[in-house]
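Peer 1: show me the folded form of this:
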Amino acid sequence: MELQYRDCKLSAGLAIHIKKRLFLQLYKAGKMTAAENVCYTLINVAMDSEPPSEISMKADLEKGDIKSKTEALKKVIIMILNGEKLPGLLMTIIRFVLPLQDHTIKKLLLVFWEIVPKTTPDGKLLQEMILVCDAYRKDLQHPNEFIRGSTLRFLCKLKESELLEPLMPAIRACLEHRHSYVRRNAVLAIYTIYRNFENLIPDAPELIHDFLVNEKDASCKRNAFMMLIHADQDRALDYLSTCIDQVHTFGDILQLVIVELIYKVCHANPSERARFIRCIYNLLQSSSPAVKYEAAGTLVTLSSAPTAIKAAAQCYIDLIIKESDNNVKLIVLDRLIELKEHPTHERVLQDLVMDILRVLSTPDLEVRKKTLQLALDLVSSRNVEELVIVLKKEVIKTNNVTEHEDTDKYRQLLVRTLHSCSVRFPDMAANVIPVLMEFLSDSNEAAAADVLEFVREAIQRFDNLRPLIIEKMLEVFHAIKTVKIYRGALWILGEYCNTKEDIQSVMTEVRRSLGEIPIVENEIKKEAGEVKSEEEVSVAPTQKLVTEMGTYATQSALSSSRPSKKDEDRPPLRGFMMDGDFFVAAALATTLTKVALRYVAIVQDKRKHNAFIAEAMLIMATILHLGKSSLPKKPITDDDVDRISLCLKVLSECSPLMNEIFNKECRKSLSHMLSVKLEEEKLSQKKESEKRSVTVQADDPISFMQLTAKNEMTSKEDQFQLSLLAAMGNTQRKEAANPLASKLNKVTQLTGFSDPVYAEAYVHVNQYDIVLDVLVVNQTSDTLQNCTLELATLGDLKLVEKPSPLTLAPHDFANIKANVKVASTENGIIFGNIVYDVSGAASDRNCVVLSDIHIDIMDYIQPASCTDAEFRQMWAEFEWENKVTVNTNIVDLNEYLQHILKSTNMKCLTPEKALSGFCGFMAANLYARSIFGEDALANVSIEKPIHLGPDAPVNGHIRIRAKSQGMALSLGDKINLSQKKSNA
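Peer 2: Modelled structure (predicted):
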C-alpha cells in the first residue's frame, strides 16, 4: 500500500501553470460534491491480499511494535474503505495508537480519522471522538511544524462542527506561528471552516485581512488573499487599493490571484475597469510567464482598445518565443488565433505579422504550421512584401541545414505559403519564382511537386512572367531528379514555349536528357565496349581465399564485383526509361508533338519544318524500340505505346484539328480547372467570413448593465467559470442550446426493472476520458452490504480505478462514478456486474449481470481537410482497408452521400460542382481525423440503377482506409449500422 500527499501549488513556470490551472480552480471553487473534490490522498490496494481478521489486527494494535502497528493501521484503513465498519477497533486505536509520536503513524491516523464513521446511526457524535479532538488540539500545539501543518490540512476535510469548535483557539494561534508552512495551512483551515460553519469563526474575513497586512511570506499572502476574494471581496479590494502600486514587486503566486480578482470585479462591475486596467498593464511586464499569460488574457476581456490588444498580442508573442515547451507554444498560439477571429482585433494583429514570424525559429513543425497559417490570414498589401522576404530567407535556410524528416515538411509549408501569397498578391510572384524554381531539383518529391504546382498556376495566370519562368525552367531542367517532377516540367515547357528560340532550347534539353540515339544501339554498344575494356584491364592476379571449412577457394579478378559506372553516367530521361518508367516517355511524346506543331506555325522554312518533325519522330520511334527490347527492367505498357503511336500519327499528318486539340484545348482545360479551384477558395473564404461576422438583428433587445438582474448577467461569460466547467467536463451550456441533445439520450439501462438492484448509467465522453455516472437502486426490503460495481472493458479502454463498495438501505439509492481512459479510436465495450451481500443472510454473494455499454467511435472523430495530393499519399500508405457494400433504402445519390457524412462525422473533399447534376453514378472522397491524431479516409463509389426504375435504392461500395485496424473496422461498422434511413 502506498500513501501519497499532494499539495496544490501554483508553479512559476507557464508550462506547469497552464496544465494545473483548471485543477486549481476546481480546488478553489469548493462547490462540488465529495466525488468531484480534488483527491489529496491516493491509496493503492494490492488485489491479491487476503482480508485480515479483526482479532489479529487488535492484537497488533495493542501489543505490537511500531512497525506492526503501522501495518495493522494500514489494513484497518483498507477494510474501512472496502465497506467494513470495525467499531470494536476505534477505542483500541485511541488508547494504543493515538498517543504515539511516530510521524508515519500520525500521517496514517489523519487518513483513518477522515474515513472512519464519526457519528451514531441517529446522527449524534460518538463519545470517543472527544478524546480524538483533544489529541488533535495537542497536535495543533506540537513543536514540530510539519505535524501542525498536516493536522491543519486534515481539519479542512472535517464536516463535523462539534469536533471543530473546541479546536478554534488553537487554529487561530497557528496564524502567528514562526513557520510559513503552518501559517498558510492555518489560513486554508480557517477559510474552509468559515465557508462550511460560519458561526464558528464569524470574524474570519477581518482576522485574515489583518493577517494579510502584516504577513511577509508570499505563499501565506496568496492563500489569505484568495480567501478574501471568495469570502469578502470588498476587503480584498481594500487591501489591493492600498498596495496597487507595489503589485509588480509581489511574488508570482500572489500576482496570479490578483489578476483573478481584477477579472472577477471588472466582469461583475464594468465601471471598475478604469481603476484596475493600469495594474494589468504593469503585470504584462512581470518576470513570471504564468502571470504574463493570465494578465494578457484578462486585458483582452476587459478592453477592446487597439493599444490593449496590441500589448496583449505582443505579450503572447514574447511568451511563444521564450517558452521551451511546445505544448505551451501551441496553447498561446491558439490565443492569438482567437484574437484574430475578432474583426477589430484583426487590424491590430496585421501590424504584428513580422513579430509573429519570429516564432518560426521554433523547430517544432506543428508550431511552424500554425504560425504560417496565422501569418497568411493576417497578410495584407501593406506587409506582404516583408512577409515574402522572410519566407524566402526561411526557404533558403532549409536548403542549408542537414536533412531531417521535418525539414522537408517545413519546406513544403513555406512553398505553399508563398504560393498563396503570390495568388493573392500577383505583384509578389516575380520575387518568389526564382527562389522556388531552384527546388525543382530537390530530392524531396513532395516539396518539388508543390513548387511545380505553383509554377504551373503562375505561368497560366501571369502572362508577363512566362519568359522568366521558361528561362528558369530550362536552367534547372537537367538537374531534376524525380520522374514525376520531370513529367510536369516537360508538360509546362511543351505547353508554354511559344518562341522559336525556346522551342529549340527545349529540343536541345530533351536530346541532352536522352543521350545519343538510337538508344537501343547505343546501349548495346556501351555494353559491348564495357565488357571489352574489362577484359583488357582484368590482368590482376588470382588470389587464394580460405573458406569456413578450411579449404582453398580461387577467385579471379574477373568474377569479383565491381561498381559499374554506366548507371551513374546515363542521362536522367534515359535512366527513367531503362528503369521501366515509360509514362514519362508518353509525356515527352506529347510535349514534342506540341512544340513541333507550334514550330511549324512559327517558322516558314519547309526544310526546317521537316527536319524538326523528323527529329521529334525519331526520338519517339527510338523510345518505342527501346520499350519493345529486353534492355529496360520493365517493358513499355500498351497505354504508353498507344499514346506515342498517336503522337507519331499526328506529326505525320499535321491536321488543323489535331493542332487545335494539342495547342489550345489542353490549356483551356487547365484554365478551367484553375478558375474552378479559385472559385472554391473564394467560396470557402466567404463562408468563413460569414461565420466570423458579428450580426445583430434589428429587433434584438438592448442590454443595460444597470437594469439587469444579477441572475441574468450572462451577457459576457466568465472565463474562469468556463474553464472550471471545462475541467469538470460540463457541457450544460451546449446541451441547453440544443434541446434535442438531452442528457436522457445518453442514459443506458443496465439491469431490468424486476432485478433486486436496478442500475442505469449516464455516459459522458470528455475527450480522452469517459465518465460513467451509475445510478444504483436497492429495490428490496433488505440492507445490501458491500454493494460493488465491478467493471471490465473490451477494446482500447482502461478502467482508471475500482469503484468503492457501498451499503444500501432498503429502497435506497446511490450514485457511483467510474472513470475510463480511451487510448485510440475504435469501438469499445464496457461490461460487468453488481455484487452484494444481504444483511443477516448466510448465503453466498449475490450477483446481477449488467448490460453492455457500447462506446461510439463518433465521439472521437471530427471532420478535417487535406489536399488531394495528401489524400492520395495517405491512401497509398495506409495498409488497412475495409470495403463496405452499400445496402440502403435511400434512392437519391446526393441524399445518400449527405446521410453518410452526417452519420460518420466525415468531410467531403470532392467539390460541390463535381457532385452537382445527375449522371447515374457518383464518386467522392471523405476525410476525418480523430482527437488522437489518427486519419480516416473513405472513397464512396455509388450508382443509381436506372434500369430498375425510379424507386430503386442506391448501390455500390464504400472503401475505408486507416493506419490502424481498429479505426477501419469501427468506421465500417458505423456505416453498416447507419446506412438505412429511418422513417421516423
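Peer 1: which residues sit against the helix or strand encompassing F146?
Peer 2: Assigned by DSSP states H and E, F146 belongs to helix 145-155. Under the criterion Cβ atoms under 8 Å, 6 or more residues apart in numbering, residues 5, 40, 103, 106-107, 110, 113-114, 136, 139-142, 164, 167, 171, 174, 177, 179, 181-182, 185-186, 188-189, 192-193 lie in contact with helix 145-155. For every residue, glycine as well, the C-beta is placed using N, CA and C.
Peer 1: so for the helix or strand that comes right after that helix, mean pLDDT?
Peer 2: Going down the chain from helix 145-155, the next helix or strand is helix 161-164, by DSSP H and E. Averaging pLDDT along helix 161-164 gives 86.
Peer 1: name the residues of helix 161-164 that are buried.
Peer 2: Buried residues in helix 161-164, counting neighbours by 16 or more other Cβ atoms under 10 Å, are found at L163, L164.
Peer 1: tell me what the very next helix or strand once past that helix is packed against?
Peer 2: As assigned by DSSP H and E, the chain's next helix or strand after helix 161-164 is helix 168-173. Using 3 or more Cβ pairs under 8 Å, 6 or more residues apart in numbering; DSSP states H and E, the elements in contact with helix 168-173 are helix 180-196.
Peer 1: ok, 10 Å please
Peer 2: Packing partners of helix 168-173 (3 or more Cβ pairs under 10 Å, 6 or more residues apart in numbering; DSSP states H and E): helix 129-139, helix 145-155, helix 180-196.
Peer 1: would CSV of the ones you listed with mean pLDDT and mean neighbour count be doable?
Peer 2: Formatted as CSV, these follow (pLDDT from 0 to 100; neighbours: other Cβ atoms under 10 Å):
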stretch, mean pLDDT, mean neighbour count
helix 129-139, 85, 17
helix 145-155, 89, 21
helix 180-196, 91, 23
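Peer 1: out of the ones you listed, the one nearest F612 is which?
Peer 2: helix 180-196 (91.4 Å; Cβ to Cβ).
Peer 1: among the helices and strands packed on helix 168-173, which comes closest to V451?
Peer 2: helix 180-196 (61.1 Å).
Peer 1: chain center to the one helix or strand E895 maps to, what's the gap?
Peer 2: E895 is part of helix 893-904, with elements assigned from DSSP H and E. With Cα atoms, centre = their mean, to the nearest Å as the basis, helix 893-904 stands 26 Å off its chain's centre.
Peer 1: also stretch 507-521?
Peer 2: 51 Å.
Peer 1: and the end-to-end length of that stretch?
Peer 2: Stretch 507-521 has an end-to-end distance of 21 Å (Cα to Cα, to the nearest Å).
Peer 1: just the buried residues of that stretch, please?
Peer 2: Those would be M507, E509, V510, S513, L514, G515, I517, I519, V520, for stretch 507-521 by 16+ other Cβ under 10 Å.
Peer 1: stretch 282-298 too?
Peer 2: The neighbour-count check on stretch 282-298 (16+ other Cβ under 10 Å) flags 283-284, 286, 288-298 as buried.
Peer 1: and stretch 337-357, by the same measure?
Peer 2: L339, K340, H342, H345, E346, V348, L349, L352, V353, D355, I356, L357.
Peer 1: quick check: longest helix of this structure.
Peer 2: Secondary structure of the chain per DSSP state H: the longest helix is helix 666-692.
Peer 1: which other helices and strands contact that helix?
Peer 2: Helix 666-692 sits against helix 326-341, helix 343-350, helix 405-424, helix 445-461, helix 483-496, helix 583-602, helix 912-915, with contacts defined as 3+ Cβ pairs under 10 Å, 6+ apart.
Peer 1: now those helices as JSON lines including distance to C847 and mean pLDDT?
Peer 2: Output for those, formatted as JSON lines (distance: least, Cβ to Cβ, whole Å; pLDDT from 0 to 100):
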{"stretch": "helix 326-341", "distance to C847": "45", "mean pLDDT": "86"}
{"stretch": "helix 343-350", "distance to C847": "60", "mean pLDDT": "82"}
{"stretch": "helix 405-424", "distance to C847": "54", "mean pLDDT": "80"}
{"stretch": "helix 445-461", "distance to C847": "58", "mean pLDDT": "80"}
{"stretch": "helix 483-496", "distance to C847": "64", "mean pLDDT": "84"}
{"stretch": "helix 583-602", "distance to C847": "67", "mean pLDDT": "85"}
{"stretch": "helix 912-915", "distance to C847": "55", "mean pLDDT": "76"}
